[in-house]
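Novice: Starting from these lines, generate the structure:
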Amino acid sequence: MTAALGATPLVYAGHVSADPGIDASFFDALTKAGITIKSEPGAVKAAKAACGMMDQGRPEIDVVELVSRQNPGLDTTRAAQFTAIA
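Specialist: Here you go, the predicted structure:
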């Protein structure tokens, strides 16, 4: 079973810059976890947003729940995997 990750409207004020090597590793890890990427830029933004929220002290479970809510194709387990990979 695969889960899909689309463009996630998580709030993040930081600048999103693409590093092709890091992004490729990130996408590869998501694919290996069975998470289908519908939008690569959306996945990068969602990952940076998740990391930003955790850097601000938000509990991981809150971030996982938000990722899951914002991406209906991701259940809590897949959202936790996404957050860990991010």
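Novice: tell me what the helix ranked longest in the chain is packed against?
Specialist: For the chain, the longest helix by residue count, based on DSSP state H, is helix 40-55. Helix 40-55 sits against strand 3-5, helix 20-32, helix 60-70, helix 76-85, with contacts defined as 3 or more CB pairs under 8 Å, 6 or more residues apart in numbering; DSSP states H and E. Yep, even glycine has a C-beta here, placed from its N, CA and C like the rest.
Novice: 10 Å instead?
Specialist: For helix 40-55, the elements it packs on are strand 3-5, helix 20-32, strand 35-37, helix 60-70, helix 76-85, judged by 3 or more CB pairs under 10 Å, 6 or more residues apart in numbering; DSSP states H and E.
Novice: Give me the distance between the fourth one and the centre of its chain.
Specialist: From the chain centre to the centre of helix 60-70 is a distance of 10 Å (CA atoms, centre = their mean, to the nearest Å).
Novice: again, but for the longest one
Specialist: Mean-position distance between helix 20-32 and its chain equals 11 Å (CA atoms, centre = their mean).
Novice: worst-scoring helix or strand of this protein, pLDDT-wise?
Specialist: Lowest on mean pLDDT, DSSP states H and E among the helices and strands of the chain sits strand 3-5, with a mean of 50.
Novice: quick one: buried residues of stretch 66-76?
Specialist: 66-68, 70-71, 74 (16 or more other CB atoms under 10 Å).
Novice: again with stretch 73-86
Specialist: Buried-residue list, stretch 73-86, by 16+ other CB under 10 Å: 74, 78-83, 85-86.
Novice: any idea of the pLDDT on the spatially most central residue of the chain?
Specialist: Ranked by distance to the mean C-alpha position of the chain (CA atoms, centre = their mean), the top residue is Ala47 at 3.7 Å. Here, the pLDDT recorded for Ala47 equals 93.
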